[in-house]
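Colleague: Predicted structure and sequence below. I'll ask about it afterward.
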Amino acid sequence: MIKKERGSVDKNKKAQIWVETVVYTLIAFVMIGLVLTFIKPKIEEMQDKAIIDQSLEIIKSIDKIITEIGIPGNKREIEIGIKKGVLKIDGTNDKIVFEIESKYEYSEVGSLVTDPTSGIEIRTENEGRIHTISLTKKYSPD
């Protein structure tokens, strides 16, 4: 009969528990990484869509204020908060333009879509995997 020492058996069990713990932790990290790989781009697309929708509303509110003013020299303050993208007020060409680079395809690529309620023109251009979306409100006919 071979006798095993009690101390070596306990050490083997403890070592096995630690190895299993490390392996399960690594598996969990790999699974979390895989989930984030697929979910993160979708979250970014949803955030970009929300920013574009918010910017569309900002342009509508700026347009409303501009049409309310009506008289040259009249002044109003407007608070604008944009997290991403560029808002250009082009006084020379009488237009307001918001541009953003996004992975989200807001409208059909290459076509001009006009919002029926506000007259804001929406254009999506494709540059590889990135789209450039521009929202334009014109005040003078071309």
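Modeller: All right, it came through fine.
Colleague: show me what contacts Ser102?
Modeller: Contacts were defined as Cβ atoms under 8 Å, 6 or more residues apart in numbering; by that measure Ser102 touches Glu45, Asp48, Ile52, Ile130, His131, Thr132, Ile133. C-beta: built from backbone N, CA, C; applies to glycine.
Colleague: And for Glu68, the neighbour number?
Modeller: Using other Cβ atoms under 10 Å, Glu68 has 9 neighbouring residues.
Colleague: residues in contact with the residue lying closest to it once chain neighbours are set aside?
Modeller: Of all residues not flanking Glu68 in the chain, Arg76 sits nearest, at 7.9 Å (Cβ to Cβ, 6 or more residues apart in numbering). The neighbours of Arg76, taking Cβ under 8 Å, 6+ apart as the test, are Ile65, Glu68, Ile69.
Colleague: Now the residue most central in space within the chain: which helix or strand?
Modeller: Centroid-nearest residue in the chain: Asp48, 2.7 Å away (criterion: Cα atoms, centre = their mean). Following DSSP states H and E, one finds Asp48 within helix 6-69.
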